[in-house]
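Undergrad: Prediction below, plus the sequence it came from.
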Amino acid sequence: MNENQAETFHTPKIFPMTEDALREVIKKYPTPFHIYDEKTIRENFRKLRETFAWAPDFREHFAIKATPNPYLVEIMARDGAGTDCSSTAELYISEAAGVVGEKIILTSNDTPAEEFRKALELGAIINLDDITHIEYLEQKARLPEIISFRYNPADIMNDGNDIIGRPAEAKYGLTRKQIFEAYKICLDKGINRFGLHTMIASNERKSSTFIYTARIMFELAVKIKNELGITFEFINLGGGLGIPYRPDELPVDLKMIGDGIKKLFFEILVPNGLGNVRLAMESGRAMTGSAGWLVSTVLHEKNTYKNYIGLDSCMSDLMRPALYDAYHHITILGKENAPCVETYDVTGSLCENNDKFAIDRRLPKIEVGDVVIIHDTGAHGHAMGFNYNGKLRSAELLIRENGSVEMIRRAETLNDYFATLNFPNSRLKLKTK
Ligand SMILES: *Cc1c(COP(=O)(O)O)cnc(C)c1O
């Protein structure tokens with residue numbers, strides 16, 4: 001049976017350009033490249049804002065690590081988004097995109113001093129991952145005006161609830177006991193502006209997980225308030241909103257999440273004097289994931305014990321299939337409606353047998369030279385690239401809302417690859433640009 005014929009298309013996989021337009025783009029910018037769509041990014045962010053339209057205030061801090069390109073951060077910033085940074089480089093990207101001050105939240109872990117200093121310089125909200133970081137921050141930099149802590153809820157999820165994974169095995173956050181102590185220490189040190197944070201889910205599409213997270217956090221905020229007299233300015237529910245990578249998967253029901261969290265907000269926070277709390281999220285994947293595509297060309301077809309299609313891209317352009325066994329939908333340009341009559345492993349050129357974008361995938365008959373579109377690569381795609389085996393990372397292009405296409409990052413060159421090597425250029429014999 002052809003599985004593609006049997007599947008229900010809940011999430012049609014589209015590409016936001018005609019075949020001819022994409023072929024024109026490829027003439028100018030050779031494959032492989034990731035290409036992002038401004039309109040889809042803005043649409044994804046609008047849907048998230050609408051989810052929380054009832055809240056007194058809502059802020060999305062776009063998780064820069066998903067797609068660390070200031071052009072993309074800027075698109076969301078213009079519509080009001082802040083950023084979630086978890087490294088010094090990401091703080092620079094945020095600043096470059098015009099996002100500074102308390103629109104930034106630094107949610108890192110095992111944080112080096114220079115990163116705290118850069119965050120303070122930008123006036124970012126500092127979200128500490130551990131109780132010992134209060135003293136570290138005070139000694140290596142200074143205490144900020146506003147502070148928050150990341151809560152690890154393993155104490156109430158110690159049954160290894162597989163909706164959410166096993167927080168007890170996660171390196172992140174403070175225990176329940178520590179989190180009370182941490183706010184107490186900060187109060188004693190004279191800090192009087194506070195937020196509360198957690199990040200539990202990852203690529204989660206069940207509404208109940210996010211509603212449950214909100215309940216845990218709202219109840220904790222009330223407990224801390226009652227015990228220490230703190231009125232929180234914000235509660236940040238983290239990221240982790242999933243996307244349907246498979247066409248037969250359902251998208252997240254944002255309406256249900258919004259309604260569920262609203263009910264808890266009025267049941268738990270409002271009667272306890274926390275009705276002005278700003279809700280925040282640090283969504284990455286749900287903003288840019290569906291707004292990016294990896295476009296490659298078929299270099300080789302190889303028939304041995306299996307049929308292989310070899311692309312001009314490899315896992316250094318998209319690691320998710322190798323790293324997480326993740327599914328990414330694949331279409332062939334101009335053959336979108338052709339019957340899936342072949343079974344292929346779609347591979348890259350890296351000397352690792354898990355360098356496969358798809359295994360045993362039913363696809364139309366493919367020829368050398370065909371253009372292959374890998375879908376939903378807009379988050380944790382190019383960003384995870386690496387140079388193992390001397391592989392170079394691809395370019396990034398952006399389709400603007402008016403339809404024009406611009407290159408927002410060039411492809412790496414051999415000069416980039418060798419730039420950090422302390423070896424005489426004359427012996428490397430690199431061609432200069
Ligand atoms: C990765 C990460 C996010 C974003 O996660 P998505 O799954 O892309 O929404 C948000 N916050 C923190 C602390 C993260 O590490």
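TA: Ah, there it is.

Undergrad: what's the top helix by length along the chain packed up against?
TA: What stands out as the longest helix in the chain, according to DSSP state H, is helix 207-228. Counting contacts by 3 or more C-beta pairs under 8 Å, 6 or more residues apart in numbering; DSSP states H and E, helix 207-228 packs against helix 176-188, strand 193-197, strand 234-236, helix 254-264. C-beta here means a position set from N, CA and C on the backbone, and glycine is covered the same way.

Undergrad: where does the last one sit relative to the chain's centre, distance-wise?
TA: Think helix 254-264. Here the centre of helix 254-264 is set off from its chain's centre by 22 Å, with C-alpha atoms, centre = their mean, to the nearest Å.

Undergrad: still on that earlier bit, pick the most buried one from the helices and strands packed on helix 207-228.
TA: The highest mean neighbour count among the helices and strands packed on helix 207-228, using mean count of other C-beta atoms under 10 Å, belongs to strand 234-236: a mean of 24.

Undergrad: for it, packing partners?
TA: Where contact means 3+ C-beta pairs under 8 Å, 6+ apart, strand 234-236 is packed against strand 193-197, helix 207-228, strand 278-281.

Undergrad: Pairing partners for it, with directions?
TA: Its sheet considered, strand 234-236 pairs with strand 193-197 (parallel), strand 278-281 (parallel) by DSSP bridges.

Undergrad: Could you export those as TSV, including mean pLDDT?
TA: As requested, the strands paired with strand 234-236 are exported to TSV (pLDDT from 0 to 100):
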stretch	mean pLDDT
strand 193-197	98
strand 278-281	98
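
Undergrad: Tell me if stretch 141-151 is near the ligand.
TA: No - Stretch 141-151 lies apart from the ligand when judged by C-beta under 6 Å from any ligand atom; the minimum separation is 7.5 Å.

Undergrad: in that stretch, what counts as buried?
TA: Neighbour counts using 16 or more other C-beta atoms under 10 Å place 141, 144, 146, 147, 148, 149, 150, 151 of stretch 141-151 among the buried residues.

Undergrad: where's residue 174 relative to residue 422, distance?
TA: Distance of residue 174 to residue 422, computed by C-beta to C-beta, to the nearest Å: 42 Å.

Undergrad: more crowded one of those two?
TA: The residue with more neighbours, out of residue 174 and residue 422, is residue 174; 22 against 4, by other C-beta atoms under 10 Å.

Undergrad: you'd agree that one is up against residue 130?
TA: Yes - shown here, residue 174 and residue 130 form a contact pair, counting by C-beta atoms under 8 Å, at 6.4 Å.

Undergrad: From residue 329, how far off is residue 323?
TA: Distance, residue 323 to residue 329, using C-beta to C-beta: 18 Å.

Undergrad: right, is the longest helix of the chain up against the ligand?
TA: No - Helix 207-228 is not in contact with the ligand by C-beta under 6 Å from any ligand atom; minimum separation 11.2 Å.

Undergrad: what angle separates that helix from strand 193-197?
TA: Angle, helix 207-228 to strand 193-197, by axes from the mean of the first three to the mean of the last three C-alpha atoms, to 10 degrees: 150 degrees.

Undergrad: which stretches of the protein form helices?
TA: Counting by DSSP H, the helices of the chain are 3-6, 19-28, 38-51, 70-78, 88-96, 113-122, 133-140, 176-188, 207-228, 254-264, 285-288, 320-324, 414-418, 425-428.

Undergrad: and residue 201, which of the ones you listed is closest to it?
TA: Residue 201 sits nearest to helix 207-228 of all the helices of the chain, at 5.1 Å, using C-beta to C-beta.

Undergrad: give me the residue from the stretch 51-200 of the chain nearest the ligand.
TA: Going by C-beta to the nearest ligand atom, the ligand is nearest to residue 63 of the stretch 51-200 of the chain, at 3.4 Å.

Undergrad: near the ligand, which residues of the stretch 251-400 of the chain show up?
TA: Residues of the stretch 251-400 of the chain found near the ligand (C-beta under 6 Å from any ligand atom) are 282, 283, 284, 285, 286, 379.

Undergrad: now, among those, which is nearest to the ligand?
TA: The closest of these, once distances to the ligand are taken by C-beta to the nearest ligand atom, is residue 284, at 2.6 Å.
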